[in-house]
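*Asks:* here is my input, please return the structure:
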Amino acid sequence: MPPRQNPRSPHHSGLMRQDREVIDEVRRASDLLEVVQHYSQVKLKKRGRNWLGLCPFHNERTPSFNVDPERGYYKCFGCGKSGDVYAFVMETNGLTFGEALRTLARRANIPLPERSRDRSEERRRDPLFNALRFAADFFEIQLNESQKAQKFLKARQFTPETTQRFRLGYAPDAWRGLLESTTRHHISADTLLAAGLVRKSEKGRIYDTFRDRIVFPIWSSGNRIVGFGGRRLSADKHVPKYLNSPETDVYHKSVVLYGLEKSRSAIRQQGEAILVEGYTDVLALHQAGVENVVAGCGTALTGTQVKILGRYTKTLVLIYDADPAGIAAAEKALDLVLGNGLTPYVVSLPKGADPDSFVRDQGADRFQKLIEDQRMDFVRFLHLRAQVIDQLTTPEGRTASIKDVLAKIDLIQDQVLSNEYLNLASNCYDIPVDQLARWKQRPPVQPTQPLSPTNNSPDMQLLDIMLQYGAPVIRLVFGYLEPEHFAEGIYRRIAADLHELVRLHGDALKAPVSANILDDDPEVQKLAAEIAFPRYQLSQNWKSRDVEVPALNERPDIIARDNIKAIWRQMVDTRMAELHEDYHDLDRESPERAELIEKIMACIEERKHVESSEWFDEAAAAAAVLAR
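*Replies:* All right, here's what the predicted structure looks like:
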C-alpha cells in the first residue's frame, strides 16, 4: 500500500463558521423540488429516484431536466445547466449568491445574522426604498384620476393590463404634489432628496422631480423599485421629453436594465435578448407578446449591463435607428458585447420607425420576421456601413474599415468563433483569410482539448462512487489516495471535502452524500450535480419484464480498484517521463545518469506492483463496501 501523506484541509471559500452554518441551514430547509416548481412552473414527474420535466433554461420538447431532491441537485442533459438550490435561484432570477441566500432564507423563515456594516447600510437604504414604493403608489393613483394621462396611454394603445403589469403612473402637473403627500405620511424631505424624488433650487426651495409626466417605475434585479423614468405630456419643447431619476444609493443606471425583471424568463427561453432604446418600446413589445426585450435607462449600453444579460443568454440583438447617432451607438455597443463574450446581431428599423410604432402599425408577427430576416452579424454590419458611406472607395477608407473589423474580431476570446468571423471578413472584403490573420497579429489557432477530467476519467468516477456510497467507499479510496492525487482545482476540492467529512463524522456520514454538507461554492455544487446525474440510466422496462440487469455502480469496490490503480499508473508514468527528460538533458558522461536510471527502474517496478493483485486488497475492499 502506498504511503499516506498529511491530510489537507478542505476549501472554505473564505467564509466564517457562522456564515457556513447558516448557508447550510437555509439549504437544508429549502426543498429543491418545491423551489424549482415555485420559481419556474416546471411540471415534474417522478422517474425512479429523480423527478423529470422540461428544462426551464432552454426550449425543448423532450424532457431532459432532472431533479434529485434527496441529494439536493438538478441537472439538464440538454443544455448542461446543473447545481444546487442556490444555483437554481441564482440562475432563474439573475441573483448573486448573497441575494439568493436572502431570498431562500425569507422563504424558509430563517433569520440571517446581521453584521454592523450590513445593518448600517440597510438603515440608510430602507427609507429610500420605502419612499420610492410610496411614490409608485402615489403615481398610480394619480394616473387613474388623470384624463390627460389616460388619453395618452389610449393613443399609444397600451391596455389596462399592460399599464397595471408595469405599474405605470402619472406625476401631476404640480410643483409639490408628491412632496405634500409624503409629508402627510411622515416621509422627510431629506429622504425624498436622497431617493431622487424631489430637487432643491439654488434658493433652497424643494419641488417634485417629476411633473406632468407618465412615470415608468424602474426595478432592480431583486424586484424593488429603485427609480423612475418620466415621459412629458406637455408640448413644451424647453422641457426634456424624457427625464430619469438621478443616481442614488439605490439606483445606478449603469447596472439596471428596464424590463429585465419581467423579461429574463423569456430571454432564457428564446435564447437571446432584444435591446431597444425606450421604455414604451419595451411595453409595446411585451404587450404584443415579444417579451425577451429590455432597454437602457436613458444611458448608453454599459459593460456591466452586458454582463448582467450574459447571465441569461449569450446572444444580444441590437435594435438601432438608421441615423448617424443610432449607427454610432450600435458600433460602440458591439465592442462591449464582444468584449464580454456575447454574440451581437444588429437590426435596422425602417426610417422614422421605432419598435413601439412598428409593432403598433404592423403587428408582432411582422416585427419577429424583421428581426429574423434583417439581423446582421457585426462583420456584415460594419462592411455594409462602410459601403453606404463610400468608405471602401479609397485605400485609406478600406484600410480603416478592415482594421475596425479586425479589432472587433480580436475581442473574441473563443478562438473557433474568432476564426469563423475571420472567414466571414475574408468573404466580405475579398482578402485571403491568412492575410487577415497576419494583419490581426493573432493567427487562427486550433482549439485545444480541455485538460480537466471528463465524465469517464478516474477522478470523476471515484468522486461519483464516494458521493453515492458515502463513508465506506470514501475510506476505501483514501486508504490508497490523498486529495492531492486528484486533478487540481474543483475535483481536488470536492475530494478534500469528502476526506475531511469522513474524518469528522465517520459512519454517521449518510449515503448518498447530500449537497447540504459540501462546500457551498457554486462551482463545487455544479460539479457535484454533474456527478450525481449519470448521463445514461437503466430503463425501467427491464424491471417490468422481470429481467435482472446489474445496476450502474453496483460494485463500487471494483470501480474503486480500477480507478485508484489508473490514477497511480498515471502518477508513476508522469514521474517516469520527467526522469527520462532529465536523463536526456544530461551529458553522456554525467555521473547523474546512473542515478536517474535507478530511479526509472524503480518506477517500472512500482508500476508492476500497482498492477499486481497484492497491491490492492480486493477481499478487504469488498467486505468493507458491500457490508455497508
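*Asks:* switch to C-alpha atoms for all contacts and neighbour counts from now on
*Replies:* Will do.
*Asks:* can you pull out the helices in the stretch 1-150 of the chain?
*Replies:* 17-29, 32-40, 85-93, 97-107, 116-145, 147-155 (DSSP state H, counting those that start in this stretch).
*Asks:* which strands and helices lie in contact with the last one?
*Replies:* When contacts are defined as 3 or more CA pairs under 8 Å, 6 or more residues apart in numbering; DSSP states H and E, helix 147-155 sits against helix 116-145.
*Asks:* flag every buried residue along the helix it packs on.
*Replies:* 125, 127-136, 138-140, 142-143 (16 or more other CA atoms under 10 Å).
*Asks:* again with stretch 612-623
*Replies:* Trp615, Phe616, Ala621, Ala622.
*Asks:* right, and His499 touches Phe486 too?
*Replies:* No. Taking contacts as CA atoms under 8 Å, His499 lies outside contact range of Phe486: 11.8 Å.
*Asks:* run through this structure and note the low-pLDDT ranges.
*Replies:* The model of the chain has pLDDT under 70 over residues 1-19, 41, 114-122, 222, 322, 441-456, 514-522, 532-554, 624-628.
*Asks:* can you lay out the helices of the stretch 1-150 of the chain as a markdown table showing distance to Arg475?
*Replies:* Converted to a markdown table, the helices of the stretch 1-150 of the chain look like this (distance: least, CA to CA, whole Å):
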| stretch | distance to Arg475 |
| --- | --- |
| helix 17-29 | 24 |
| helix 32-40 | 29 |
| helix 85-93 | 28 |
| helix 97-107 | 32 |
| helix 116-145 | 42 |
| helix 147-155 | 69 |
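*Asks:* mind checking which of those helices is nearest Gly78?
*Replies:* Comparison of these against Gly78 by CA to CA identifies helix 85-93 as nearest, at 15.9 Å.
*Asks:* against which helices or strands is that closest one packed?
*Replies:* Contacts defined by 3+ CA pairs under 8 Å, 6+ apart place helix 85-93 against helix 32-40, helix 97-107, helix 260-270, helix 522-532.
*Asks:* and the angle for it with helix 32-40?
*Replies:* Counting by axes from the mean of the first three to the mean of the last three CA atoms, to 10 degrees, helix 85-93 lies at 10 degrees to helix 32-40.
*Asks:* what's the angle between helix 85-93 and helix 260-270?
*Replies:* On the basis of the same axes, to 10 degrees, helix 85-93 is oriented at 100 degrees to helix 260-270.
*Asks:* can I get helix 85-93 in PDB, CA atoms only?
*Replies:* Provided in PDB are the C-alpha atoms of helix 85-93 (Å, rounded to 0.1, in the frame of the first residue of the first chain):
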ATOM      1  CA  VAL A  85     -30.900  25.100  -4.700                       C
ATOM      2  CA  TYR A  86     -28.800  28.300  -4.600                       C
ATOM      3  CA  ALA A  87     -27.600  27.800  -8.100                       C
ATOM      4  CA  PHE A  88     -31.200  27.400  -9.300                       C
ATOM      5  CA  VAL A  89     -32.400  30.600  -7.700                       C
ATOM      6  CA  MET A  90     -29.400  32.500  -8.900                       C
ATOM      7  CA  GLU A  91     -29.900  31.200 -12.500                       C
ATOM      8  CA  THR A  92     -33.600  31.700 -12.700                       C
ATOM      9  CA  ASN A  93     -33.700  35.100 -11.100                       C
END
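*Asks:* so how far is that helix off the chain centroid?
*Replies:* Centroid separation between helix 85-93 and its chain, computed with CA atoms, centre = their mean, to the nearest Å, is 9 Å.
*Asks:* what does it rub up against?
*Replies:* 27, 30-32, 35-36, 39-40, 57, 72-73, 82, 95-97, 99-101, 221, 264-265, 311-312, 522, 525-526 (CA atoms under 8 Å, 6 or more residues apart in numbering).
*Asks:* try 7 Å
*Replies:* Arg27, Leu32, Gly72, Thr96, Phe97, Ala100, Leu101, Pro522 (CA atoms under 7 Å, 6 or more residues apart in numbering).
*Asks:* next: stretch 326-335.
*Replies:* Leu301, Leu318, Tyr320, Asp321, Pro344, Lys408.
*Asks:* let's see 8 Å
*Replies:* So stretch 326-335 is contacted by Ala300, Leu301, Thr302, Leu318, Tyr320, Asp321, Pro344, Val346, Phe378, Lys408, Leu411 (CA under 8 Å, 6+ apart).
*Asks:* what's the answer for stretch 431-444, then?
*Replies:* Taking CA under 8 Å, 6+ apart as the rule, stretch 431-444 contacts Leu406, Ala407, Asp410, Gln415, Val416, Ser418, Asn419, Leu422, Asn423, Ala425, Ser426.
*Asks:* Leu318 contacts Leu349, correct?
*Replies:* No. In this structure Leu318 lies outside contact range of Leu349 using CA under 8 Å: 10.6 Å.
*Asks:* quick one: the strands in the stretch 401-550 of the chain?
*Replies:* For the stretch 401-550 of the chain, applying DSSP state E, counting those that start in this stretch gives no strands.
*Asks:* how about the helices in it?
*Replies:* Going by DSSP H, counting those that start in this stretch, the stretch 401-550 of the chain shows helices at 415-429, 433-440, 458-469, 471-478, 490-505, 522-532, 541-544.
*Asks:* export the ones you listed to CSV and tack on mean neighbour count and distance to Glu247?
*Replies:* Below are these laid out as CSV (neighbours: other CA atoms under 10 Å; distance: least, CA to CA, whole Å):
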stretch, mean neighbour count, distance to Glu247
helix 415-429, 18, 38
helix 433-440, 16, 40
helix 458-469, 22, 49
helix 471-478, 23, 54
helix 490-505, 20, 40
helix 522-532, 22, 32
helix 541-544, 10, 62
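*Asks:* how about those helices, which one is nearest Lys237?
*Replies:* In terms of CA to CA, the element of those nearest to Lys237 is helix 415-429, at 44.5 Å.
*Asks:* tabulate the CA atom coordinates of that closest one in CSV.
*Replies:* Provided in CSV are the C-alpha atoms of helix 415-429 (Å, rounded to 0.1, in the frame of the first residue of the first chain):
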residue,chain,number,x,y,z
GLN,A,415,-10.7,31.0,-31.0
VAL,A,416,-13.0,28.8,-33.1
LEU,A,417,-15.6,31.6,-33.2
SER,A,418,-12.9,34.2,-33.9
ASN,A,419,-11.7,32.1,-36.9
GLU,A,420,-15.3,31.9,-38.2
TYR,A,421,-15.7,35.6,-38.2
LEU,A,422,-12.3,35.9,-39.9
ASN,A,423,-13.5,33.7,-42.7
LEU,A,424,-16.6,35.9,-43.0
ALA,A,425,-14.5,39.1,-43.2
SER,A,426,-12.4,37.4,-45.8
ASN,A,427,-15.5,36.9,-48.0
CYS,A,428,-16.8,40.4,-47.4
TYR,A,429,-13.6,42.2,-48.2
